[in-house]
Structure formats: C-alpha cells, structure tokens
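Peer 1: quick one, structure for this:
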Amino acid sequence: MEIQIDNARLSWQGHRVFDGLSLHLPGGQWTCVLGQSGVGKSSLIQLLCGIADRATVSAEIRCSDGLPLRGRVAWMAQQDLLLPWLSVLDNVLLGPRLQQQRRASAEQQEQARYLLSQVGLADHADRLPATLSGGQRQRVALARTLLQDTPLICMDEPFSALDAVNRIRLQDLSAQLLHDRTVLMITHDPLEALRLADQILVLQGSPARLSAPLRPAGATPRALDDLQILQWQGELLRQLAEEPER
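Peer 2: The predicted model follows:
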C-alpha cells in the first residue's frame with residue numbers, strides 16, 4: 001500500500017518544527033528517515049500513527065487503497081512500552097488481544113512463540129518484563145511489532161538498545177519478515193538505513209524539510225562491507241553534520 005503525506009505541519013511551543021512537508025512511502029518498501037535529535041523525526045511518525053497532539057499538527061494523508069490510514073498502523077516507539085503485569089508472551093500478543101477483545105488464537109500464539117525464538121527469547125515467554133535487560137525488552141517490543149498484521153509499520157529506532165551482533169541479526173530478521181510491508185523507520189545510524197532501506201531521506205533545517213531520496217541498489221539487507229554502502233555512509237554522515245539552515 002502506497003501512502004502520500006502532504007502539507008504536514010507541526011508546531012511546538014511556538015516553534016515551527018516542519019511546515020508544508022511532503023512524504024511519499026512506496027508500497028511494499030522500506031523508507032528510512034535520518035536526522036539530528038530534535039528535528040521532528042519522531043513527531044512525523046506520531047502524526048502517521050494518529051497519536052500526535054491535534055492542536056499543533058495537521059496533514060493530508062492518502063492511501064492507495066482509498067481507505068483511511070487510522071487503525072492500520074503498527075508502531076514501535078523508542079521506549080519498549082511493555083505492560084509490567086503481562087508476561088513476555090502476552091506482551092507480544094497485546095495487539096491481537098486489544099483488537100479482538102478476546103484471547104489470541106492458537107495460530108497467533110504459535111506465531112508469537114516463533115517470533116520470540118527468532119529474537120532469542122523463547123525461554124523467556126513466561127517471564128515478566130521487570131526480569132529482562134533493556135536489550136531483551138526491546139527485542140520483545142520488536143516481536144510484538146512484527147506480529148501485527150497491518151499495511152504500515154512505523155519503527156522509531158527499533159534496534160538502538162541492542163549490542164552490535166544482535167542488532168545486525170534482528171535487522172536481517174526484520175527485513176525478512178517485513179519484505180512485503182510498507183515500512184517507515186527512524187534511525188540515527190546511516191549504515192543501518194543503507195542496509196535496510198529502499199529509500200533514505202534526511203530531515204534537516206528549521207522548519208525541517210526532507211532531502212531528495214537516496215535509493216541504494218541491491219536486495220536488502222545489504223552487506224556491511226559493500227564498498228558502495230560504505231561510501232554512501234560517509235556522504236550521509238557529512239550531510240547530517242551540516243549546519244541546518246534557519
């Protein structure tokens with residue numbers, strides 16, 4: 001499903017974060033947005049998810065199937081947002097339970113256990129979130145996001161709390177399981193974006209605007225030692241370090 005956002009406006013404490021912003025999300029592809037802290041990346045995701053403060057934000061959002069986007073977005077926030085009184089398995093199954101207002105199906109429970117095994121937490125299904133490390137909690141949140149059957153997946157720095165090895169492994173898993181979904185991912189890591197994205201944009205300036213898209217060639221996830229990827233990484237870092245225009 002393709003998604004087009006036009007005339008997106010956001011103000012915060014009298015400051016225009018972005019104004020007249022447009023963004024196109026190609027159907028079945030990953031879009032990664034890079035930018036310095038505080039430029040408005042998370043706010044852009046919250047706008048799409050329908051959780052931004054409506055008093056300060058507005059946008060025109062159109063989906064290629066003609067239906068409203070509201071209620072058809074899975075969101076993985078920077079914080080894991082696990083419910084402390086639910087087990088790891090029940091936290092993964094939270095989306096289906098809320099939508100159906102009943103116990104998750106046997107198929108959904110099987111899928112949830114499969115995802116927990118894929119993120120290395122099969123033996124933790126009955127534990128409570130308080131017993132997990134920060135990285136383990138983020139892996140539970142990732143499994144919960146991957147389980148949701150929605151046409152748009154929004155992820156805000158989903159791998160930031162992971163060590164390098166698990167980060168690469170879960171990038172690969174996400175690329176595999178979400179290969180046919182429309183994904184918008186926020187990241188501070190140019191190499192991560194270059195491994196996973198079909199298009200990469202930089203949000204920069206004040207009010208913030210999006211750069212022209214960079215579209216790396218080749219199937220994802222791309223190799224870490226690809227010379228072209230490493231060259232683009234340097235270019236993106238230089239672009240991110242530029243002083244924003246005001």
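Peer 1: domain ranges for this protein?
Peer 2: According to automatic domain parsing, the chain comprises the domains 1-72+159-246, 82-149.
Peer 1: turn these into CSV, including mean neighbour count and mean pLDDT.
Peer 2: Where C-beta positions appear, they are placed from N, C-alpha and C, glycine not excepted. Output for these, formatted as CSV (neighbours: other Cβ atoms under 10 Å; pLDDT from 0 to 100):
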stretch, mean neighbour count, mean pLDDT
domain 1-72+159-246, 17, 88
domain 82-149, 17, 89
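Peer 1: heading C-terminal from the helix or strand hosting Thr31, find the next helix or strand.
Peer 2: Taking DSSP states H and E as the definition, one finds Thr31 inside strand 30-34. Once the chain leaves strand 30-34, the next helix or strand it forms, by DSSP H and E, is helix 41-49.
Peer 1: hmm, who's touching the next helix or strand after that following helix?
Peer 2: Next along the chain after helix 41-49, taking DSSP H and E as the criterion, comes strand 57-63. Under the contact criterion Cβ atoms under 8 Å, 6 or more residues apart in numbering, strand 57-63 has outside partners 1-11, 21, 43, 47-48, 69, 151.
Peer 1: filter those residues down to the ones in strands?
Peer 2: Counting by DSSP state E, the contacts of strand 57-63 place 3-11, 21 in strands.
Peer 1: what's the closest of those residues to Ala122?
Peer 2: The shortest gap between Ala122 and any of these belongs to Ile3, at 34.3 Å (Cβ to Cβ).
Peer 1: who is that closest one paired with across the strands?
Peer 2: Judged by DSSP bridges, the bridge partners of Ile3 are Leu25, Cys63.
Peer 1: what about it, distance to Phe18?
Peer 2: 17 Å (Cβ to Cβ, to the nearest Å).
Peer 1: hey, where'd the strands end up in the chain?
Peer 2: 3-12, 15-25, 30-34, 57-63, 73-76, 152-156, 182-186, 199-205, 208-210.
Peer 1: including distance to Leu173, could the ones you listed go into TSV?
Peer 2: Shown next, in TSV, are the strands of the chain (distance: least, Cβ to Cβ, whole Å):
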stretch	distance to Leu173
strand 3-12	24
strand 15-25	22
strand 30-34	14
strand 57-63	27
strand 73-76	14
strand 152-156	13
strand 182-186	13
strand 199-205	20
strand 208-210	28
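Peer 1: which stretch among these comes nearest Ser133?
Peer 2: Here strand 73-76 is closest among these (Cβ to Cβ), at 17.8 Å.
Peer 1: which strands and helices sit next to that closest one?
Peer 2: Packing contacts for strand 73-76, counted by 3 or more Cβ pairs under 8 Å, 6 or more residues apart in numbering; DSSP states H and E, involve helix 41-49, helix 134-147, strand 152-156.
Peer 1: can you list the strands that that strand pairs with?
Peer 2: If you go by DSSP bridges, strand 73-76 pairs up with strand 152-156 (parallel).
Peer 1: now the angle from the strand holding Thr31 to strand 15-25?
Peer 2: Between strand 30-34 and strand 15-25, the angle comes out at 160 degrees (axes from the mean of the first three to the mean of the last three Cα atoms, to 10 degrees).
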